[in-house]
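S.K.: Requesting a structural model of the entry that follows:
(one chain, ligands or ions: 2)
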Amino acid sequence: MKIYNSATHRKEEFRPIEEGKVRMYVCGPTVYDNIHIGNARTFISFDVIRRWLIASGYEVTFAQNLTDVDDKIINRANEQGRTAAEVAGEFSEKFISVMRAANVMDPDVRPRATKEIGPMIGMIKTLIEQGHAYAAENGDVYFSVRSDPAYGEVSGRKVDELMVGARIAAGEEKRDPLDFALWKAAKPGEPSWKSPWGEGRPGWHTECAAMVHRYLGCPIDIHGGGSDLAFPHHENECAQAECAWHEGFANTWMHTGMLLVDGEKMSKSLGNFFTLEEVLEKHSAAALRLLMLQTLYRSPLDFSWERLEGAENSLARIAGTVKNLMWAASHAEGEPDAALAAKLDRAVIAARDEFERQMDDDFNTAGALAAYFQLVTEANTYLDQAGSAVDADVCAGCAVGIAGALTILGIELPKVEEELPVGLLGVAAGLVGYTGDDVNEAAEKILAARAEARAARDWARADAIRDQLRDMGVVIEDTSAGSRLVVKAS
Ligand code: AMP
Ligand code: ZN
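M.R.: Numbering: from 1, shown residues only. Ligands and ions are numbered 1, 2, ... in the order given. Model prediction:
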């Protein structure tokens, strides 16, 4: 398996630190508002990466924090006359539930910054003792960037280049404009905790480094986040952890490309965002995931409602083919053409192999999905050519292959067909005298009666059957493999 390491700008053969195990950390959200689908793109991308690692046989431990203390949360709380803890509590719960709605697996560990103050203070103390950090007069503690010769290794920036334009803002007591806060002295009315440097709260970068160390141990295999986090957040996390513990921090850095709207990054500050919640009210999680996964996670992705609509249609087409394959498998009649069946069988195996090859090549979901789009086309051709004389095993194998590959990507196919309504028994009794209680059997009898009526050119009867069914929301679908009754989508 190859993974693109954004710190080295190369695809590298993935070798976990511990055989068969992967330790992985992805920075979580700052919980001051609902997340938008740009944030969701990053979380869905890493969900798929995690799912593929698991499907490949790795035992994956996945940790993700909740940043539940931050300027944005404090500002929001002040605007709304609430406490920061109330705001953070509300949006933490909303985040957890909307991630589940998007079919993103829960992390194995979900630490919250406010519950991890002790380990963070411990890390800061270690850094001060080793000369990598200093406490200022006002109670702030800063990391000394120039004390870390490796600084810049994650984002590829050079310390001297960073100096250009760097300034010390009013109220900061840094020795060097490049230094960043590990601990911030409390301002009146802000949430704060006791520390050796007085009342205060941790800096954002401090949080992730301490949690990685506590819950996963350094170094970890994969550290991820959106590409906008590479600098300064990930650079600073890495600097702290390496300087504090001297064990390395992350072997592979993975960064997702930004979700764009009309060529611009979707963000709260630009106001060009759609929340994940509102998108999932209009569209299925499966369609949103399909849309996202048709682009490589590292590339930018332009969002539009038309593209999401397109993904919804593709999904319906795939689901339709899977349904037709299953239906054909259970209604197979006559001797199947062995050559045609063997061709489809080979296509099933080729799709599976290609899917695996593409996913092993830096999680190329776009290529992996393309393999299955191709298989769907071949399956449709087969169903057309074979009529009802299909090879049931090959059809079922193909259907399971398509649905299984999508499940690995966390895409659940929509149920294309609801169960036939029980009321059909009454229609069957009136039309064909069927008095049993099996709805599917009743459907078969009705279809047989209609076929008979049509064969006898008794159009009035055939139409009457169709109309009675339509009145109860059931339509007759004529396919190359025969006719069937389906509940009309409302
Ligand atoms: P935040 O709460 O701002 O730290 O964002 C949470 C995650 O979403 C981070 O990994 C960000 O990099 C990521 N993110 C923010 N905006 C976008 C976007 N437009 N496209 C993709 N990922 C994003
Ligand atoms: Zn982080």
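S.K.: Give me the pLDDT value at V416.
M.R.: For V416, the pLDDT comes out at 66.
S.K.: And the helices in the stretch 101-250 of the chain?
M.R.: Taking DSSP state H, counting those that start in this stretch to define them, one finds helices in the stretch 101-250 of the chain at 117-129, 159-163, 204-211, 235-245.
S.K.: quick one: which of the ones you listed is nearest T8?
M.R.: T8 lies closest, by Cβ to Cβ, to one member of these: helix 235-245, at 13.5 Å. C-beta here means a position set from N, CA and C on the backbone, and glycine is covered the same way.
S.K.: quick one: average pLDDT of the closest one?
M.R.: Per-residue scores along helix 235-245 average to 98.
S.K.: related to what we said a few turns ago, tabulate the helices of the stretch 101-250 of the chain (CSV), appending distance to D463 and mean neighbour count.
M.R.: Output for the helices of the stretch 101-250 of the chain, formatted as CSV (distance: least, Cβ to Cβ, whole Å; neighbours: other Cβ atoms under 10 Å):
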stretch, distance to D463, mean neighbour count
helix 117-129, 75, 19
helix 159-163, 78, 13
helix 204-211, 68, 26
helix 235-245, 71, 25
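S.K.: Out of these, which is closest to W305?
M.R.: Closest to W305 of the helices of the stretch 101-250 of the chain, according to Cβ to Cβ: helix 204-211, at 33.1 Å.
S.K.: Do that closest one and ligand 2 come into contact?
M.R.: Yes. Counting by Cβ under 5 Å from the ion, ligand 2 is contacted by helix 204-211 at C208.
S.K.: Give me the distance from that helix to the chain's centre.
M.R.: 23 Å (Cα atoms, centre = their mean, to the nearest Å).
S.K.: Which strands or helices does it pack on?
M.R.: Identification of packing neighbours for helix 204-211 by 3 or more Cβ pairs under 8 Å, 6 or more residues apart in numbering; DSSP states H and E yields helix 117-129, strand 180-185, helix 235-245.
S.K.: possible to save those as a markdown table with distance to S330?
M.R.: Listed next are the helices and strands packed on helix 204-211 as a markdown table, based on distance: least, Cβ to Cβ, whole Å:
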| stretch | distance to S330 |
| --- | --- |
| helix 117-129 | 57 |
| strand 180-185 | 63 |
| helix 235-245 | 54 |
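S.K.: and of the ones you listed, who's closest to ligand 1?
M.R.: Closest to ligand 1 of the helices and strands packed on helix 204-211, according to Cβ to the nearest ligand atom: helix 235-245, at 12.4 Å.
S.K.: Touching the closest one from outside, list them.
M.R.: 123, 126-127, 130, 132, 143, 145, 147-148, 150-155, 157, 180, 182, 205-206, 208-209, 212-213, 218, 223, 247-250 (Cβ atoms under 8 Å, 6 or more residues apart in numbering).
S.K.: Can you name every helix or strand that the helix or strand where L290 lies contacts?
M.R.: Here L290 sits within helix 285-293, counting by DSSP states H and E. Helix 285-293 sits against helix 37-55, helix 305-330, helix 365-386, with contacts defined as 3+ Cβ pairs under 8 Å, 6+ apart.
S.K.: For the stretch 1-150 of the chain, list the residues in contact with ligand 1, please.
M.R.: 27, 29-30, 38-39, 41-42 (Cβ under 6 Å from any ligand atom).
S.K.: Relative to ligand 2, which of those residues is nearest.
M.R.: Looking at those and their distance to ligand 2, the nearest is C27, at 3.2 Å (Cβ to the ion).
S.K.: That closest one and L325: what is the separation?
M.R.: Using Cβ to Cβ, to the nearest Å, C27 is found at 41 Å from L325.
S.K.: neighbour count winner among these two?
M.R.: L325 (29 against 24; other Cβ atoms under 10 Å).
S.K.: can you pick the most crowded of the residues of the stretch 1-150 of the chain next to ligand 1?
M.R.: Of all those, the most densely surrounded is R41 (28 neighbours; neighbours counted as other Cβ under 10 Å).
S.K.: Can you tell me the closest non-neighbouring residue to it?
M.R.: With sequence-adjacent residues excluded and distances taken as Cβ to Cβ, 6 or more residues apart in numbering, R41 is closest to L259, at 4.3 Å.
S.K.: Which pLDDT value goes with the one you found?
M.R.: 98.
S.K.: How many residues are close by it?
M.R.: 24.
S.K.: do P149 as well
M.R.: 9.
S.K.: do R466 as well
M.R.: 15.
S.K.: again with the one 4 residues further on
M.R.: Burial of R470 is recorded as 12 neighbouring residues (other Cβ under 10 Å).
S.K.: pLDDT averaged over stretch 376-389 - what is it?
M.R.: pLDDT averaged over stretch 376-389 gives 95.
S.K.: coming back round to it: out of the helices and strands packed on helix 285-293, which is the most enclosed?
M.R.: Ranked by mean neighbour count, these are led by helix 37-55 with a mean of 23 (mean count of other Cβ atoms under 10 Å).
S.K.: ok, then the element right after the helix holding L290?
M.R.: Counting by DSSP H and E, what follows helix 285-293 is strand 301-302.
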